[in-house]
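Asks: Following is a predicted model, sequence given first.
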Amino acid sequence: MVSKLKLLAVVLGVVFIMPMLVSVGAPDSVMANTVVAQEKKEPKYKDVKTRKRQSVGKSCAKALDRVQGEKGPISMASEADEKANVTPLWVEAKQMLLDIDSRPKTCSTDYEKTQVWNMLGYVAYSLDDFKGAIRYYRLVVDGIGTPPELKLDTRYTLAQFYAMQEQYALAVIEMEIWIDAAIIVGADARMLLAQLYYQLERKADALAMVEIAIAESEAKAILPKESMWSLQRVLYYEKDDLKKVTSILQKLVKHYPKWTYWKQLGGMYGSQERETDQLVATEMVYLNDQLTTESQVMSMAYMYLGAEVPYRAARIIEKGMKDEIIEKTAKNLEVLGQAWWQAKNLESALKSFEEASKYSDTGEIQSRIASIYLDLGKDKQAYKAAQKAAKKGDIKNTSTNYATMGSALINLHCYKDAVKAFNKSVKTAKTKKAKRYPSQWIKFANAEGSRLQKLRDVGATVPGCSKA
């Protein structure tokens with residue numbers, strides 16, 4: 001039963017108000033005699049209209065006392081241990097009340113009938129019979145003998161039960177009547193009505209009501225409840241007012257810090273192209289180990305790459321792979337290699353690209369490896385990697401790969417082979433500007449090759465091709 005009692009609070013974010021039993025005293029009791037004596041006195045203000053106090057007769061009071069009195073099943077069930085099975089007691093209470101209701105002479109007045117229905121509603125509620133509770137509380141509200149105060153309080157309870165049964169339109173009717181008549185309307189009541197409006201797609205009414213609840217809380221120097229800002233955030237998001245959503249999330253992360261709100265705040269910053277703010281918010285989540293999926297961690301790394309902080313990006317990816325959050329795929333390892341390369345850590349970049357090449361059937365990664373080997377002055381490895389890339393194919397810039405191969409061959413003093421490589425680079429280049437670079441190297445390779453050959457012809461010792 002406890003889980004069902006909390007259902008409304010979970011769904012609507014409001015506090016469920018448990019129905020209250022009206023205490024019933026015998027007319028010959030001390031309290032009753034005092035009341036009667038007071039009613040006989042002349043009123044202090046003669047012109048003020050008074051309402052006659054209603055009471056329960058002796059026979060009805062005794063009957064109801066057997067149900068809810070000290071030894072009655074209702075009291076015994078209410079005072080029992082939480083782990084005890086009290087269902088039989090509530091069933092007994094229900095049967096006793098039905099017997100009373102079926103005997104017109106026991107509780108005969110309209111007011112007395114109201115008391116019986118009120119108890120039956122409470123017992124039905126305690127048995128998780130919400131439809132039954134609604135039926136009896138409906139009788140209380142519509143009963144001609146129901147005191148105005150009880151009728152008003154019961155409307156609130158009835159609205160909650162309607163909400164639990166997803167009868168939102170009926171719940172709204174009761175809540176609107178209650179709010180119009182209630183002397184004090186708390187934030188919880190306004191929140192309940194706001195949530196009901198939201199369920200009925202009356203979003204403008206929902207927003208107006210929740211903002212009243214927030215404003216009244218702030219006016220009293222009371223921190224608005226998390227549920228208030230949460231609903232307000234949803235409503236403004238559906239209006240596509242991202243700036244307002246952002247300001248609400250900033251309040252939520254300050255007063256109700258949850259990583260969900262930090263993630264959403266980062267998303268809002270990103271939607272408004274506030275990249276630095278997005279990075280800070282997401283870093284806060286990351287540092288507290290709240291990014292738990294590959295896409296989340298990789299997104300964090302991409303943010304640092306975009307912010308031109310490649311070293312941090314590389315460290316994040318490496319840690320993600322170590323923690324087995326990020327899979328070691330060709331794409332992820334390539335991003336890692338790119339991060340290390342941008343961070344000028346060529347050895348780490350080479351290691352990442354080499355590992356990535358094991359998972360890739362294309363020559364693109366191998367071409368990147370060739371370029372790094374060339375930068376590291378490892379010309380043989382650069383030449384072989386460029387050859388391997390050309391053999392695999394599917395390279396984004398084939399001309400650049402052949403240019404890398406040619407540069408490595410020049411450094412290895414293989415000028416004729418270098419010319420062949422640069423000719424392929426010219427052939428595969430897509431623009432005149434791209435053709436200019438390898439064309440210049442062809443001239444250099446031819447001239448340098450001829451120069452060294454002349455030196456050989458006169459007996460000078462000059463380095464030969466060492467690509468093998």
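Replies: Okay, I see it. Numbers count the residues shown, from 1 in each chain.
Asks: Quick one: low-confidence residue ranges for the stretch 1-150 of the chain.
Replies: Applying pLDDT under 70 to the stretch 1-150 of the chain flags the ranges 1-53.
Asks: what's in contact with stretch 138-156?
Replies: Residues from elsewhere that reach stretch 138-156 (C-beta atoms under 8 Å, 6 or more residues apart in numbering): 17, 19-20, 22, 54, 109-114, 117-118, 121, 137, 158, 174-175, 177-178, 181-182, 189. The C-beta positions use only the backbone N, C-alpha and C, and glycine is treated the same way.
Asks: Just the buried ones from the residues you listed, in PyMOL syntax?
Replies: Selecting only the buried entries of the contacts of stretch 138-156 in PyMOL, with 16 or more other C-beta atoms under 10 Å as the criterion:
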select buried, resi 19+22+111+112+113+114+117+118+121+137+158+174+175+177+178+189
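Asks: Filter the contacts of stretch 138-156 down to just the ones in helices.
Replies: Residues of the contacts of stretch 138-156 located in helices (DSSP state H): 110-114, 117-118, 121, 137, 158, 174-175, 177-178, 181, 189.
Asks: How about residue 411: what's its closest non-neighbour residue?
Replies: residue 379 (4.3 Å; C-beta to C-beta, 6 or more residues apart in numbering).
Asks: How about the contacts made by the one you found?
Replies: Applying C-beta under 8 Å, 6+ apart to residue 379 gives the contacts 373, 408-409, 411-412.
Asks: quick one: it and residue 198, what's the gap?
Replies: Distance, residue 379 to residue 198, using C-beta to C-beta, to the nearest Å: 69 Å.
Asks: Check residue 106 too.
Replies: 45 Å.
Asks: who has more neighbours, the two?
Replies: Neighbour count, other C-beta atoms under 10 Å: between residue 106 and residue 198, residue 198 has more, with 21 against 17.
Asks: Just the element for that one, please.
Replies: helix 187-199 (DSSP states H and E).
Asks: Show the subsequent helix or strand relative to that helix.
Replies: helix 203-219.
Asks: Can you list the buried residues in that following helix?
Replies: 205-207, 209-211, 213-214, 217.
Asks: Of these, just say which sits nearest to residue 434.
Replies: Nearest to residue 434 among those: residue 207, at 57.6 Å, using C-beta to C-beta.
Asks: Now do residue 350: how many residues are near it, please.
Replies: Residues near residue 350, counting by other C-beta under 10 Å: 23.
Asks: actually residue 257, not the one I typed
Replies: For residue 257, using other C-beta under 10 Å, the count is 10.
Asks: likewise residue 61?
Replies: Count around residue 61 with other C-beta under 10 Å applied: 22.
Asks: which residues sit in contact with the residue sitting furthest away from the middle of the chain?
Replies: No residue in the chain sits farther from the centre than residue 458, which is 80.4 Å out by C-alpha atoms, centre = their mean. Counting by C-beta under 8 Å, 6+ apart, residue 458 touches no other residue.
Asks: Could you pull up phi and psi at residue 414?
Replies: In terms of degrees, to the nearest 10, the main-chain angles of residue 414 are phi -100, psi 80.
Asks: how much space is there between it and residue 107?
Replies: Counting by C-beta to C-beta, the gap from residue 414 to residue 107 is 111 Å.
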